[in-house]
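Chemist: need a 3D model of the sequence below.
(one chain, ligands or ions: 1)
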Amino acid sequence: MNLPHRRGRRGPHDPRGRRRVWALGLLAATAMAVPGTANAAPDATRATTLGAQAAQSGRYFGTAVAAGKLGDTTYSAILNREFNAVTPENEMKWDTIERSRGSFNFGPADQIVGQATSHGQRVRGHTLVWHSQLPSWVGSITDANTLRGVMNNHITTTINHYKGKVFAWDVVNEAFADGGSGQHRPSVFQNVLGDGFIEQAFRTARAADPSAKLCYNDYNIENWSDAKTQAVYRMVRDFKTRGVPIDCVGFQAHFGTGGPPASFQTTLSNFAALGVDVQITELDIAQAPTTAYANTVRACMNVPRCTGITVWGIRDSDSWRAGENPLLFDRGGNKKPAYQSVLTALGGTAATAAHGSPASRAGTAKRSPTALPGSAARPVTSAAALPSAFSWSSSGALMSPKPDATHNIAGLKDPSVVYYNGKYHVFASVASSSGYGLVYLSFTDWSQAGSATHHYLDRGALGTGYRAAPQVFYFAPQKTWYLVYQTGNASYSTNTDISNPNGWSAPRNFYSSMPDIIRQNIGNGYWVDMWVICDSANCYLFSSDDNGHLYRSQTSLAQFPNGFTNTVIAAQDANKYALFEASNVYKVQGTNQYLLIVEAIGSDGRRYFRSWTSGSIAGSWTPLAASESNPFARAANTTFPSGAWTKDISHGEMIRAGYDQTLTIPSCKLQYLYQGKDPAASGDYNSLPWRLGLLTQTNSTC
Ligand code: XIL
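Modeler: Numbering: from 1, shown residues only. Modelled structure (predicted):
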């Protein structure tokens, strides 16, 4: 799918030449190329649940779920407390979904997906093409064209039903034979369609949902030297070489008491080196020895592209191997010793004295070693890592342009906001065909936002001309407000009174000219969206180039606003639309975590946000909710009042917990002020009818 290309260079009538890119190809499932690994930052806060702890390194920790058990309160209490991903144990298998030809039954799987979504858990789809749990009508097909049509229809219909809800699919499960042959196992698919059925299935799946991760899943492929492992490895390498779509390999990890083979980590990293994610998809270990579990988790933690772990059930009594007690919770729902070793291996708290009872929730929670004074009574989970999936509800459009005799405004954009002295103070870009300026408004309550007076900042010393994309904060060391914005350079004005729109100084530049590294990488892009954040020693200035690069410069707190040198590429993506502009970096309150969000353009041409976390502002950044199918904020994970007034979730700012240069945000119930627009609007980019609305997080668990 290619939308019309509307890119334009800066011209005499477009001196502000900003953000004119609408065109895009399909977003490749590219991971953001950032230096460093996906391991937890050394100073990351320790969490007290598996999901929250895994999220600190950008991973998920999931479980298989049975729809029939969701009504069991012990079961669902553990499920929703501990896990941030789920896999339907049987409900997405062919014999449930399409028991008779052409008649699809999504009910049981929908139940699981609905529950998971409302709890902010991601869903792995399991499984589309498998020789087992396959209805006999499929097994008895002997005609290749018929079977191909049936298989493609099953894949397409199922994937379509769960588009945007399932982030990864086990497209083909267990296609290889055990033992030394290295061959595919016999199955109706193999026997009737031949070797090509796997490739066919992956191509069909990609066509159905270009955003979902497509995995091959199998067991007994954990030991590197096994013939079966080698055979799957050759297949993945061949797929990658020939461009057959495959994004991930699932290692079931159904282990005996000995746990994983010694080579497991090698296997994971060798597969990852082919350019696929790897995941542990069905972990259970006979008798659940603590060391075996810890070794398995460590193997994943040591491989940056090992993106998540799923255990195959919650309590021993839920297991398909119940006789072997292979899971992390006993029949009563109590944590077993293996639970603690897993949490520790994920980087979490050490074992608490007693096994926590499921009813006690955070009752056994250890306190954070890094908890702020005064927050000691709070369990860590309430101030710990952000979840790895988000859902939001949006307000309607709260603020619209207010043109006056000398300001003919089409769009109100790029808001910056602080709550200070009992008021929200909003700064925004105003856009029209003749260019960009800045406006200020304040109000006590969101219900008053629409009626607030718009003060155009070009009336004071800040002046007329190209000024856009403001960011406001109080720089405590100087007891001064700063307004940072773009002018073609990165500029700022200062003011001692945020509520005085005429008090802003004339623009000054952070840089004498565009830093070399930006000049060398910007291509046909534009230098936009400057963003300042400081920690206790340094300030950092971020900017984007609409060409797939996020830049970062640094100065000391004492030197600020001077001394921004050493500009580096903080993050980049070969697909510029996946790392486009409007980056924000925040400190997450009560944690050592920083959040990065960057605006991307989706495969539907709509704006949305991806997110990463890091233990320091200088990175490295590990993905949090960073894909089209698991976005930070996108129309797809947002509910709107009475019909969506926008399909774009574009440039904005989080509502902060404070207002100073640390840009601290709460870890719970996030709110994000953003720009959106009538989905039907088209034409000149600068004349689009952008309005401001407010997102409120709906899946916060604290
Ligand atoms: C198992 C389920 O856990 C059981 O409830 C069911 O009776 C059989 O299937 N490999 C897989 C999983 O890919 O789908 C299997 O799940 C376990 C082995």
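Chemist: CA only for contacts and neighbour counts going forward, please
Modeler: Fine.
Chemist: nearest residue to Asp660 other than its sequence neighbours?
Modeler: Excluding the flanking residues, the one nearest Asp660 by CA to CA, 6 or more residues apart in numbering is Tyr474, at 4.4 Å.
Chemist: and Ala578, by the same measure?
Modeler: That would be Ala600: by CA to CA, 6+ apart, it lies 4.7 Å from Ala578.
Chemist: for the residue nearest to Asp660, give the beta-bridge partners.
Modeler: Assessed by DSSP bridges, Tyr474 has beta-bridge partners Trp481, Asp660.
Chemist: for the residue nearest to Ala578, which residues are in contact?
Modeler: Neighbouring residues of Ala600 by CA atoms under 8 Å, 6 or more residues apart in numbering: Tyr577, Ala578, Leu579, Phe580, Glu581, Arg607, Tyr608, Phe609, Arg610.
Chemist: same thing but at 10 Å, please
Modeler: Under the criterion of CA atoms under 10 Å, 6 or more residues apart in numbering, the neighbours of Ala600 are 27, 546, 548, 575-583, 606-610, 626-628, 631, 634, 649-651.
Chemist: buried set for the lengthiest helix in the chain?
Modeler: Of all segments of type helix in the chain, defined using DSSP state H, the longest is helix 144-161. Residues Leu147, Arg148, Val150, Met151, Asn152, His154, Ile155, Thr156, Thr157, Thr158, Ile159 are the ones in helix 144-161 that count as buried (16 or more other CA atoms under 10 Å).
Chemist: okay, helices next: where are they in this structure?
Modeler: 50-55, 73-82, 94-97, 107-118, 136-139, 144-161, 188-193, 197-208, 227-242, 264-272, 290-301, 337-345, 516-521.
Chemist: any idea which of those helices is most buried?
Modeler: Across those, averaging neighbours per residue (mean count of other CA atoms under 10 Å) puts helix 50-55 on top, at a mean of 28.
Chemist: grab the most central residue of the chain for me.
Modeler: With distances taken as CA atoms, centre = their mean, Ala625 lies nearest the centre of the chain, 0.9 Å away.
Chemist: isn't that one right next to Gly58, touching?
Modeler: Yes - using CA atoms under 10 Å, Ala625 is in contact with Gly58, at 8.3 Å.
Chemist: who touches both of these two?
Modeler: Jointly contacting Ala625 and Gly58 under the rule CA under 10 Å, 6+ apart are Pro387, Ser388, Trp612, Thr613.
Chemist: in strands only, show me those residues.
Modeler: Here DSSP state E is the test, and these give Trp612, Thr613 as lying in strands.
Chemist: out of the shared contacts of Ala625 and Gly58, who has the most neighbours?
Modeler: Per-residue neighbour counts (other CA atoms under 10 Å) across those peak at Thr613, which has 31 neighbours.
Chemist: distance of that one from Lys647?
Modeler: For Thr613, the distance to Lys647 (CA to CA, to the nearest Å) stands at 26 Å.
Chemist: could I get the buried residues of helix 144-161 as TSV with pLDDT?
Modeler: Below are the buried residues of helix 144-161 laid out as TSV (pLDDT from 0 to 100):
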residue	pLDDT
Leu147	98
Arg148	98
Val150	98
Met151	98
Asn152	98
His154	98
Ile155	98
Thr156	98
Thr157	98
Thr158	98
Ile159	98
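Chemist: report the beta-bridge partners for Gly407.
Modeler: If you look again at residue 407, you'll see it is His, not Gly. Asp404.
Chemist: thought it was touching Leu457?
Modeler: No - judged on CA under 10 Å, His407 makes no contact with Leu457 at a distance of 11.2 Å.
Chemist: from Phe475, how far out is Trp169?
Modeler: Trp169 is 47 Å from Phe475, by CA to CA.
Chemist: for those two, indicate the residue with more neighbours.
Modeler: Trp169 (25 against 20).
Chemist: next up, the contacts around the more buried one.
Modeler: Contacts of Trp169 by CA under 10 Å, 6+ apart are 87, 123-128, 159, 202, 205, 212-217, 247-248, 250.
Chemist: ok, and the closest non-adjacent residue to it?
Modeler: Nearest non-adjacent residue to Trp169, counting by CA to CA, 6+ apart: Gly125, 4.4 Å away.
Chemist: so for the one you found, what's the pLDDT?
Modeler: For Gly125, the model assigns a pLDDT of 98.
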